[in-house]
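Student: Have a look at this prediction, sequence included:
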Amino acid sequence: MRRAHAGLETPEYYVPGLPADYVAQRYGIPLADIAKLGSAENPHGASPLATEAVREYLDALHLYPSWTADPLREEIAVTYGFDPSEVICGAGETEILSLITRAFCPPGDKIQMPGPCFPIYHLFAEAEGRIPVLVHSATNRQSMALDVDAYLEAIEPNTRIVYITNPHSPSGTWLEEAEVRRIIEASADALVVLDEAYVHYSETSGYIHLAHEYENLAVLRTFSKAYGLAGLRIGFGVASQPIIDTLMAVKPTWNMGQLQIVGGVAALADHEHVARTVRTIAENRDYVQGRFEELDRFRMVRGSRSNFFLVEILDLDTDSTKVFEGLLERGVVVKDGSVSFRGLDDRFLRCDVNLQMHMDRLVDALSDLP
């Protein structure tokens, strides 16, 4: 059977972080001794308020939810100062990315993204017959920061979607508001998608307010990280009503279940859980930076404003895959840059910020590698 188009003849798939139980079983390591640092999960687990709300709603599973997830849209609108008509909810941010690809980029046109980037950007583009354009900032390897001038120069007349990820993945680097505005204003004929999945860890309120000012901007956020609801799959986007109306027309009818909706509503009020999580990440980013000063074969790339960071491999006698596998044998799960991020070569790993004991396990394991 022939596939629909060339982009699906030899498909590439997203590579998630390995689960802790798989590593424990494969290497015979007690589960409690595994440092899972490859999925950017919340070290304190799920929002307690969301957990309780989900538990209390189990008796309603036989009922269809609001097809537009209106209770959650309304709570998001109140929280961030939008009208509910300017909000869309999805099964994680990833579903909304898929909707944006289909709705705003015709087949054969281009979607621009920083290189390297969250792989879903280019995977969805290729699967839908669009052309992903990764713009690499080769001049700034020391910090891995986006070269905004080069990014602006790459925009072409048939560029329909322009991604900004802030903080950036996989580097965690941060763009100031003036630079974000430059990209939005230079992309007047494209939809700019500002992905703020990790914005809580920047210890700022982010730039969601810009969606009030620019009709060509959509801002996306997730409940997977600071709220700890990765397993519940909740994301949302805010934009002008014409953008949201278009996305509503292409989204699956009941894309959000009852438990997602009530869990998201409750999580938005769990300020204590978010504050605790952000505090843990900020403290341990500083802590692990200090520990990396003990190493001479590996460098922690500075400047991350997220709950992960890049590790550069300075030892030319090894590479990211060998280090990745060596860490697995020692019970530490990270991401191999050469496998997980297109354009990030075999000199980098992406590692989560987590509890101090896991940061120690990471650094100690790197020290122990032959």
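Tutor: Alright, I've got the coordinates. Residues are numbered from 1 along each chain as shown.
Student: Show the subsequent helix or strand relative to the lengthiest helix in the chain.
Tutor: Identified as the longest helix of the chain according to DSSP state H is helix 271-292. The helix or strand immediately downstream of helix 271-292 is strand 298-300, counting by DSSP states H and E.
Student: Tell me which strands the helix or strand that that next one is followed by pairs with, and in which orientation.
Tutor: Using DSSP H and E, the helix or strand that follows strand 298-300 in sequence is strand 308-313. As defined by DSSP bridges, the strand partners of strand 308-313 come to strand 298-300 (antiparallel), strand 348-352 (antiparallel).
Student: and strand 308-313, how far from the chain's centre?
Tutor: Here strand 308-313 shows a centroid-to-chain-centroid distance of 16 Å under the convention CA atoms, centre = their mean, to the nearest Å.
Student: just stretch 156-165 next, same as before
Tutor: Centroid separation between stretch 156-165 and its chain, computed with CA atoms, centre = their mean, is 18 Å.
Student: Buried ones in it, by neighbour count?
Tutor: By 16 or more other CB atoms under 10 Å, the buried positions in stretch 156-165 come out as 159-165. From N, CA and C alone the C-beta is placed, and that goes for glycine too.
Student: And the residue nearest to residue 131 when sequence neighbours are not counted, what's its pLDDT?
Tutor: In space, residue 131 comes closest to residue 110 once its chain neighbours are excluded; the distance is 4.7 Å by CB to CB, 6 or more residues apart in numbering. On the pLDDT scale, residue 110 is placed at 98.
Student: which residues touch residue 110?
Tutor: The neighbourhood of residue 110, defined by CB atoms under 8 Å, 6 or more residues apart in numbering, consists of 130-133, 156, 158-160.
Student: ok, back up a step: so which of the strands paired with strand 308-313 gets nearest residue 224?
Tutor: With CB to CB as the measure, strand 348-352 is the member of the strands paired with strand 308-313 nearest residue 224 (12.9 Å).
Student: can you state the direction angle for that closest one and helix 271-292?
Tutor: Interaxial angle, strand 348-352 versus helix 271-292 (axes from the mean of the first three to the mean of the last three CA atoms, to 10 degrees): 140 degrees.
Student: continuing past strand 348-352, what's the next helix or strand?
Tutor: As assigned by DSSP H and E, the chain's next helix or strand after strand 348-352 is helix 356-368.
Student: got a list of contacts for that next one?
Tutor: Helix 356-368 is contacted by residues 33, 35-37, 43, 284, 287-288, 291-292, 294-295, 297-298, 311, 323, 326-327, 330-332, 334, 351, 353 when judged by CB under 8 Å, 6+ apart.
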